[in-house]
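Participant: generate a structure from the sequence data that follows.
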Amino acid sequence: MRLITYSNIGAREKNEDRFAHLELPNGDQLFIVADGMGGYDAGEEAAECAIEAIGTSLLETPDNIPLAVECANRAIAEKRINMGVSEMGCTLAAVILHQGTATMFWAGDSRVYIIRNDRIVFETEDHSLINEMRRIKRLTPAQIRKYEHIVRRSLMGNSTDDVEVVEQPVLPGDEILICSDGFHKEIPLPLLLEKLRKEEIFHIDNEKFIDNHTLIYFKIDNEE
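Facilitator: Here you go, the predicted model:
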């Protein structure tokens, strides 16, 4: 498997994104990106809590995503109390790679793409106010700028916080990209894929990115 991971602070004062890649006891592989929500306190702490709790839970019970999310919310709630902050949270996008299938789970506007023969065969749908508004009416550029950062689903340490889960078949040669919104809002997907395929991602001009931007990219080979 060809694997690339990348995270950068962009124009922010600190990087609130986190990512991880773990091999699970049943042979599956977990890839996860979490984006700390900058509008609240300690976004990086929430992202780290989510990554660690989900990873630990799935290492113990690899097939139980709801339990892993419950553990993440509990960890965020405990961290919030210990830090004495009112609210903290993160969006996330993750993939569990099985033999011939990929299970995606996500909350918010971090994304997963599956690309096959240069075509997007799967793309997560953002849990965002913009998406909800677009179903009702055509949006102006001003409205998009005003509401584009408002997410409708995230992990904030509440028992009702949840993720969406979808399973998709994957084939040898498929490319899978997981990224925070700092990437997909700033750079067109074809250009991003070109830079990943040429291993030029480490040479992009990070000063042009407004937000933190993080990705995990991998290509499934014939042994998966």
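
Participant: nearest the middle, which residue of this structure would you pick?
Facilitator: Residue closest to the average C-alpha location in the chain (Cα atoms, centre = their mean): A93, at 2.8 Å.

Participant: what bridges to that residue?
Facilitator: V33, W106 (DSSP bridges).

Participant: that one and C179 touch, don't they?
Facilitator: Yes - with contacts counted by Cβ atoms under 8 Å, A93 reaches C179, the gap being 7.5 Å. To be clear about C-beta, it is placed using only N, CA and C from the backbone, and glycine gets the same treatment.

Participant: low-confidence regions, the chain specifically.
Facilitator: 38-41, 129-149, 222-224 (pLDDT under 70).

Participant: for it, what spans make up the strands?
Facilitator: Along the chain, counting by DSSP state E, strands occupy 2-8, 17-23, 29-36, 90-97, 101-107, 111-116, 119-123, 164-169, 175-179, 213-219.

Participant: may I see those organised as a markdown table, with distance to L58 added?
Facilitator: Putting the strands of the chain into a markdown table (distance: least, Cβ to Cβ, whole Å) gives the following:
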| stretch | distance to L58 |
| --- | --- |
| strand 2-8 | 18 |
| strand 17-23 | 7 |
| strand 29-36 | 6 |
| strand 90-97 | 7 |
| strand 101-107 | 10 |
| strand 111-116 | 16 |
| strand 119-123 | 21 |
| strand 164-169 | 13 |
| strand 175-179 | 15 |
| strand 213-219 | 16 |
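
Participant: which of those strands sits closest to N206?
Facilitator: For N206, the closest of these is strand 2-8, at 4.7 Å, according to Cβ to Cβ.

Participant: stretch 64-74: which residues count as buried?
Facilitator: I65, A68, V69, E70, C71, A72, N73 (16 or more other Cβ atoms under 10 Å).

Participant: ok, for F202, nearest residue in space, not its chain neighbours?
Facilitator: Leaving aside its chain neighbours, F202 sits nearest to Y6 (7.0 Å; criterion: Cβ to Cβ, 6 or more residues apart in numbering).

Participant: you'd agree the one you found is up against E200?
Facilitator: No - if you go by Cβ under 8 Å, Y6 and E200 don't touch, sitting 11.1 Å apart.

Participant: looking at these two now, which is surrounded by more residues?
Facilitator: Y6 (17 against 10; other Cβ atoms under 10 Å).

Participant: which ones among the buried residues of stretch 64-74 map onto helices?
Facilitator: Counting by DSSP state H, the part of the buried residues of stretch 64-74 found in helices is I65, A68, V69, E70, C71, A72, N73.
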